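[1] Need coordinates for the following:
(2 chains)
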There are 2 protein chains.
Amino acid sequence: MTATLMDGRALSRQLLDATAERATAFQLAHGRRPCLATVLVGDDPASHTYVRMKVNRCAEVGIESRRVDLPASTATEELVGLLRDLSADPRVDGILLQHPVPAQIDERAAFEAIPAGKDVDGVTGASFAAMAFGDPGFASCTPGGIMRLLDAYEVPLRGRRAVVVGRSAILGKPVGMLLLGRDATVTYCHSRTVDLAAHVREADVVVAAVGVPELVRGEWIKPGAVVVDAGYNPGNVGDVEFDAAAARAGLITPVPGGVGPMTIAVLLSQTVDAAERHAQG
Amino acid sequence: MTATLMDGRALSRQLLDATAERATAFQLAHGRRPCLATVLVGDDPASHTYVRMKVNRCAEVGIESRRVDLPASTATEELVGLLRDLSADPRVDGILLQHPVPAQIDERAAFEAIPAGKDVDGVTGASFAAMAFGDPGFASCTPGGIMRLLDAYEVPLRGRRAVVVGRSAILGKPVGMLLLGRDATVTYCHSRTVDLAAHVREADVVVAAVGVPELVRGEWIKPGAVVVDAGYNPGNVGDVEFDAAAARAGLITPVPGGVGPMTIAVLLSQTVDAAERHAQG
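    Numbering: from 1, shown residues only, chains lettered A, B, ... in the order given. Have a look, this model is predicted:
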């Protein structure tokens, strides 16, 4: 292995520590803790695990969490109604709707019930547009975490070729827009892309965000390139063929311990941001 | 010249005719014409020309226009207040704020004062996100016109390489998202891109949307590629070196008479769309 590991655990720990300090300062100033509402619909075991991790991390850094679990049979209207109630509640600073929701729910309609000021998970159209236009707003947490990792390792982006594999609304599309905002030349690849290998071979920065185990082969990686693996598949396998990629890359994120820990840290940091803004009126 | 011209004048005429029929039907059904409010700030001659063209086209197709001209010294708050008034006015179906506005105005704040349902020019963050996510909404007019041109000439997009030169909020970024939504592999190039030529040489579809005369050289065009020139520079010069590009391309838009006429036609078509939706409550 020639690549240096991008240590998301260590960087997320720094961000969590800073967030804890800010949460304490907020409580001293305002007599209450910042508050994140988590909304989980249904029985998906992985989603339950993710929400539990987020709630635990909240407790660690001094953020109050309000957990709402809804049955798998919940209708869109019920979920939207709940999200509107949380939106109107002055004690709630941020709202997280755990993705994915059961199939009968219009996920986009649910996301859009969250006002931009409480969208600490960065899932609304308004947050996406803010990321795309370089305006103030909350980043989608995984893309925001990826940018923090790139910055921590001083990865140059201006004029570099970035290839994003995947085009989801909360990961691939926003991370591409954030890279574009930093003056990278950005290519979006996806399931319909012809000759993915040819695109990856040209990339200075590769972000794999598609959820297909080891789709990105190590031999495709340009020597010295930066490889960010935002995939997480069963068995601790990412979207990148790790060993072979690490033999060629300059920097690479491990799975687990790379992008994953950053996501929660950004969520909590943005929750304190939201609380501070709300307190300022 | 080997390329076939993509005739935006003819296609826009078809769309304007269809829009006129729908405007007439709307008037018969609802006792009023669809109404577009145009807002122009300042004295820029080109902007005055564009607004006059839009108002004239409205009259031709049976859309009422309400023209508001504001002095160059207008503050953001005044402009936002006016846009909110127009937003609240039930007789106004669509609102166009002519771009660009004078430098002291926060253009993004002004755009965002337009509600999604009246954003027939497709300039708000909500409209951008809808384009990016494939949700219902109004397209930015030039990107929407480009997609209609590509479809009219039956240009295949799935799996094809599309290169967008330019990344503005109302042209480059949204047209890239629309192409991505049609399963093209999309690369955003811009002023910081290293070796633009290399990107264009690989492109099956090139969209030039940057406002630099003849930036895209003809010799870069892959033989048989589709070239869409959304640039419009003084002297009827586009962003593409036309003659040399037309010698290699399969399809190419002329300047003028290509993308330009489509923009207004899409604006008016979307104004009738908005009126119909408002009438349905």
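
[2] so who does residue A:43 touch?
    By C-beta atoms under 8 Å, 6 or more residues apart in numbering or on different chains, the contact set of residue A:43 is residue A:72. Quick note: C-beta positions are derived from backbone N, CA and C, even for glycine.

[3] Is it in a helix, a strand, or coil?
    Reducing the assignment at residue A:43 to three states with DSSP: H, G, I helix; E, B strand; the rest coil gives coil.

[4] Check it and give its pLDDT.
    If you check residue A:43, the pLDDT there is 93.

[5] what's the answer for the one 5 residues further on, then?
    Here, the pLDDT recorded for residue A:48 equals 96.

[6] isn't it right up against residue A:42?
    No - using C-beta atoms under 8 Å, residue A:48 is not in contact with residue A:42, being 9.1 Å away.

[7] okay, the two: which has more neighbours?
    residue A:42 (18 against 14; other C-beta atoms under 10 Å in any protein chain shown).

[8] Near chain B, which residues of chain A? Just list them.
    When proximity is defined by C-beta under 8 Å from any C-beta of the partner chain, chain A lies next to chain B at A:108, A:124-126, A:128-130, A:132-133, A:135, A:158-161, A:167, A:169, A:173, A:176-177, A:180, A:183, A:185-190, A:192-194, A:199.

[9] Just the buried residues out of these, in PyMOL syntax.
    In PyMOL, the members of the residues of chain A next to chain B classed as buried (16 or more other C-beta atoms under 10 Å in any protein chain shown) are selected with the following command:
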select buried, chain A and resi 108+124+125+126+128+129+130+132+133+160+161+167+169+173+176+177+180+183+185+186+187+188+189+190+193+199
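
[10] now, which of the residues of chain A next to chain B lie within helices?
    Among the residues of chain A next to chain B, the members found in helices (DSSP state H) are A:108, A:125-126, A:128-130, A:132-133, A:173, A:176-177, A:180, A:199.

[11] Could you identify the most distant pair in those?
    With distances taken as C-beta to C-beta, the most widely separated pair in these is A:126 and A:199, at 30.5 Å.

[12] per-domain residue ranges of chain A.
    Domain segmentation of chain A under automatic domain parsing yields A:31-115, A:141-260.

[13] Need the distance between the two termini of the shortest one.
    Its start and end residues considered, domain A:31-115 measures 24 Å (C-alpha to C-alpha, to the nearest Å).

[14] just the last one next, same as before
    The first residue of domain A:141-260 is 10 Å away from its last residue (C-alpha to C-alpha).

[15] what about that domain, distance to the chain center?
    Once both centres are worked out by C-alpha atoms, centre = their mean, to the nearest Å, domain A:141-260 turns out to sit 14 Å from its chain's centre.

[16] So for stretch A:186-203, mean pLDDT?
    98.

[17] swap in stretch A:9-25?
    Summarised as a single mean, pLDDT over stretch A:9-25 is 98.

[18] Also stretch A:246-266?
    Rounded to a whole number, the mean pLDDT of stretch A:246-266 is 97.

[19] Give the buried residues for it.
    Taking 16+ other C-beta under 10 Å as the neighbour-count basis, stretch A:246-266 is seen to contain the buried residues A:246, A:248-255, A:257-266.

[20] who touches the longest helix seen in chain A?
    In chain A, assigned by DSSP H, the helix with the most residues is helix A:8-30. With contact meaning C-beta under 8 Å, 6+ apart, helix A:8-30 is reached by A:33-34, A:57, A:60-63, A:145, A:148-149, A:152, A:253-254, A:257-262, A:264-266, A:268-269, A:272, A:275-276, A:279.

[21] What about these, which are in strands?
    Among these, no member is found in strands (DSSP state E).

[22] which ones among those residues are found in helices?
    Among the contacts of helix A:8-30, the ones falling in helices (DSSP H) are A:57, A:60-61, A:145, A:148-149, A:152, A:259-262, A:264-266, A:268-269, A:272, A:275-276, A:279.

[23] got a list of what residue A:208 touches?
    With contact taken as C-beta under 8 Å, 6+ apart, residue A:208 is in contact with A:165, A:166, A:215, A:216, A:227, A:228, A:229, A:230, A:231, A:238, A:239, A:240.

[24] How about it: which residues does it bridge to?
    Taking DSSP bridges, one obtains residue A:165, residue A:229 as the residues bridged to residue A:208.

[25] Please report how far it lies from chain B.
    Distance, residue A:208 to chain B, by C-beta to the nearest C-beta, to the nearest Å: 15 Å.

[26] Residue A:9 too?
    As defined by C-beta to the nearest C-beta, residue A:9 lies at a distance of 32 Å from chain B.

[27] How many neighbouring residues does that residue have?
    Taking other C-beta under 10 Å as the neighbour definition, residue A:9 ends up with a count of 15.

[28] What of the one 3 residues further on?
    Taking other C-beta under 10 Å as the criterion, the count of residues near residue A:12 is 27.

[29] same question, residue A:22
    Counted with other C-beta under 10 Å, the neighbours of residue A:22 add up to 21.

[30] and what of the one 3 residues further on?
    As a burial measure, the neighbour count of residue A:25 was computed by other C-beta under 10 Å and equals 13.

[31] Repeat that for residue A:91.
    Taking other C-beta under 10 Å as the criterion, the count of residues near residue A:91 is 12.

[32] List the residues that contact it.
    Taking C-beta under 8 Å, 6+ apart as the contact definition, residue A:91 lies against A:32, A:35.

[33] circling back: can you give the distance from the longest helix of chain A to the centre of its chain?
    Using C-alpha atoms, centre = their mean, the offset of helix A:8-30 from its chain centre is 18 Å.

[34] what do you get for stretch A:126-139?
    14 Å.

[35] cool, and stretch A:120-134?
    Per C-alpha atoms, centre = their mean, the displacement of stretch A:120-134 from the mean C-alpha position of its chain is 12 Å.

[36] what about it, how long is it end to end?
    Start to finish, the residues bounding stretch A:120-134 are 17 Å apart (C-alpha to C-alpha).

[37] repeat for stretch A:84-96
    Terminal residues of stretch A:84-96 are spaced 13 Å apart (C-alpha to C-alpha).

[38] roughly how far apart are the residue sitting furthest away from the middle of chain A and chain B?
    Relative to the C-alpha centroid of chain A, counting by C-alpha atoms, centre = their mean, residue A:31 is the outermost residue, at 29.6 Å. Separation of residue A:31 from chain B (C-beta to the nearest C-beta) stands at 33 Å.
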